[in-house]
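Trainee: Model the following, please.
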Amino acid sequence: MEIKLISKTPNYLRTCWTAARTCYSADSPIELLTQEKTDEEMLRLLDRIMKSKHLSVVEHCAMTFAVKDVSRTLLAQYSRHRIGVSLSVQSQRYVSEQSSKQAGGLFGHVVPQTIMENGEAHVRYMDCMKAIQAAYDDLLTLGVAKQDARFVLPGGACTNFVTTLNLRSFMDVYEKRVKTPGAQWEIKDMMLRMRDLIVAEEPWLETYIPRA
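Mentor: Numbering: from 1, shown residues only. Now for the predicted structure:
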């Protein structure tokens, strides 16, 4: 798995503070933007906002990530989060998984740690991946279109996507996929990596998105 932060709203703190102050100030947001405020002053207001869960103001902050080599199983889980979450996913209909196009002759796949650490299970898993690759190649040779041959590919097959979230949506996904007991390891790992990238850019969020 590899994740890069493509872009984000500049200065989350100032953006959130301006939105929050607009709700309670006679000044317009244009005027508020010209006011000199320290980070400490803005954080005092944002702390109250965060603790009271009036999170509409953080929806104005967006983040876009490039995600590489995660499983289709993770994608199925992540795509259930639809409010404030956008996705552009690599298509199995158009991108061939034919062995001749793959490094090592085998389609990209994710191996769970529990399988990796069990020698016999790992051998069985890899035998299955190779059999699926052979079946996929055979279907293409028999004239089956990629969009139909892909039906044999497993949930563990790798995919890539670009995703954009607003900060409120990110916090909701993080709560469900990292902090909630029983969240699966792969999506938890992805959300933690995303969290680290955005907190590196906006350190004040450390308090509100703690590393679980």
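
Trainee: confidence score at Tyr24?
Mentor: With respect to pLDDT, Tyr24 scores 88.

Trainee: Tell me the spacing between it and Thr18.
Mentor: 12 Å (Cβ to Cβ, to the nearest Å). Where you see a C-beta, it was placed from the backbone N, CA and C, and this is true even at glycine.

Trainee: Neighbour count: the two, which is higher?
Mentor: Thr18 (21 against 8; other Cβ atoms under 10 Å).

Trainee: Surely the more buried one is in contact with Pro29?
Mentor: Yes. The pair Thr18 / Pro29 is scored as a contact, 5.4 Å apart, by Cβ atoms under 8 Å.

Trainee: For the residue of the chain most remote from its centre, give me the backbone phi and psi.
Mentor: In terms of distance from the mean C-alpha position of the chain, Ala26 ranks first, at 38.3 Å (Cα atoms, centre = their mean). The phi and psi torsions at Ala26 (degrees, to the nearest 10) take the values phi -70, psi -20.

Trainee: for Glu202, same thing?
Mentor: Here is the backbone geometry of Glu202 (degrees, to the nearest 10): phi -130, psi 80.

Trainee: Roughly how far does the closest residue in space to it that isn't next to it in sequence sit from Ala66?
Mentor: Closest residue to Glu202 apart from its sequence neighbours, by Cβ to Cβ, 6 or more residues apart in numbering: Tyr12 at 4.6 Å. When distance is defined by Cβ to Cβ, Tyr12 is 20 Å away from Ala66.
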